[in-house]
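Enquirer: Predicted structure and sequence below. I'll ask about it afterward.
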Amino acid sequence: MEEKIKSFLEEIKGFPINTEEEAENFRLKYLSKKGLITSLFDEFKTLPPEHRKSTGKILNELKQAAEQKLADAKASTHQPASISHKLLDLSLPADPFTTGSRHPISIVRKQMTDIFTRIGFVVSEGPEIEDDWHNFGALNFPADHPARDMQDTFFVESEGADKWLLRTHTSSVQVRVMENQKPPIRTISPGRVYRNETISARAHCQFHQVEGLYIDEGVSFADLKQTLYYFVQEMFGEKIEIRFRPSFFPFTEPSAEMDITCLICEGKGCPVCKHSGWVEIMGCGMVHPNVLENCKIDSNKYTGFAFGMGIERITMLKFRINDLRLFFENDMRFLSQFRSVI
Ligand code: PHE
């Protein structure tokens, strides 16, 4: 029996244990209830008393050696749940970690405000739920004037005489600025606006605007032109050209619509610009004297210009996006394309 015990001792020493699974196999083979060492103890009980002393000593040594080996192996092979030693390859690249990104409208709004703040415009903000005066009245829209129909309005149900509505443009913010500040005023108002329009690739019931206002002594249409020319060159590059077409807004006189060279065909003519070589990007004009007077600004002393454009439109031109609805659908396939743009 002693020979058998000694050979087991050798076997145990050479037993390879590198994983938790191998450690468990070792335990089962030698130390479990049906294991070899347990059966040796059973056999030991049958020995004649004169052999017991020396055999018992080496049998105990065998058991201790096996227990010690198992304890050491467990300490070195223990891994957090289910990660096996062999599966860990530290040289592999890490799992990709997807970061969020700015919405394209936010990217372009920031670019636009950066351009205007560089030339002294200050950003102003105001409420999205407006009263009739700030959205229409002060801006020279007479109560029954058809111009109010130009901007199909969402009215908010309200008690009392005041009519509340979702602002149809951020010109309302400029009224608030004119009421509260003395010229010179140089401000832009970026923000969300609402119009009751059927949703399509080119129109939405909510969109974003940046409107601008400059009031001081001696401000002229030439100042308006140069400011807007500077803006589009900063936004789209120096090759861009501009043109003005006469238009109508109740709050400006004269009023104009500004076009830029079509970015797709560079002015040669294509379906996007309806083969004209030009695309419209904003409305503008000299602030109507009635508007200045409505806001208690002396129209004999001061003149000013104003302009307003849709951020969606600028973004569509800049990134060649052909459907306005994409901005509001939160489709990751669309949004993730702007990850590299800051
Ligand atoms: N408020 C006009 C609009 O929303 C844009 C505009 C602003 C036009 C200022 C002229 C002057 O369409």
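Expert: Good, I have the coordinates. A quick note: this is a predicted structure, and the numbers were derived from the prediction, not measured.
Enquirer: Near L36, how many other residues are there?
Expert: For L36, the count of nearby residues is 17 (other Cβ atoms under 10 Å). Just so you know, the C-beta spots here come from the backbone N, C-alpha and C atoms, and that holds for glycine as well.
Enquirer: how near is the nearest residue to it once chain neighbours are set aside to the ligand?
Expert: Distance criterion Cβ to Cβ, 6 or more residues apart in numbering; nearest residue to L36, sequence neighbours excluded, is Y30 at 5.3 Å. Look at Y30 and the ligand: by Cβ to the nearest ligand atom, to the nearest Å, they are 86 Å apart.
Enquirer: Can you classify the residue nearest the centre of the chain by secondary structure?
Expert: In the chain, the C-alpha closest to the average C-alpha coordinate belongs to R102, at a distance of 3.0 Å (Cα atoms, centre = their mean). Following DSSP: H, G, I helix; E, B strand; the rest coil, R102 is assigned to coil.
Enquirer: near the ligand, which residues of the stretch 151-300 of the chain?
Expert: Residues of the stretch 151-300 of the chain lying close to the ligand by Cβ under 6 Å from any ligand atom are 169, 171, 211, 249, 252, 283-285.
Enquirer: which sections of the stretch 101-250 of the chain are below the confidence cut-off?
Expert: For the stretch 101-250 of the chain, the stretches flagged by pLDDT under 70 are 146-147, 149-151.
Enquirer: Can you name the residue of it nearest the ligand?
Expert: Closest approach between the stretch 101-250 of the chain and the ligand, counting by Cβ to the nearest ligand atom: H169, at 3.3 Å.
Enquirer: Tell me the residue in this structure that is farthest from the middle.
Expert: Note on the chain: the largest separation between a C-alpha and the mean C-alpha position, by Cα atoms, centre = their mean, falls on E50 (85.6 Å).
Enquirer: is it true that it lies in a helix?
Expert: Yes - assignment of E50 by three-state DSSP places it within a helix.
Enquirer: the strands in the stretch 1-150 of the chain, which residues?
Expert: For the stretch 1-150 of the chain, the strands defined by DSSP state E, counting those that start in this stretch occupy 122-123, 129-131.
Enquirer: my bad, should have said the stretch 151-300 of the chain
Expert: Listed in chain order, the strands found in the stretch 151-300 of the chain under DSSP E, counting those that start in this stretch are 155-156, 164-166, 185-194, 206-216, 242-249, 252-261, 278-287.
Enquirer: Mind giving me the packing neighbours of the second one?
Expert: Meaning strand 164-166. Contact partners of strand 164-166 among helices and strands, from 3 or more Cβ pairs under 8 Å, 6 or more residues apart in numbering; DSSP states H and E: strand 129-131, strand 155-156.
Enquirer: Show me which residues of stretch 318-334 are buried.
Expert: Buried positions in stretch 318-334, judged by neighbour count with 16 or more other Cβ atoms under 10 Å: 318, 321, 324, 326-327.
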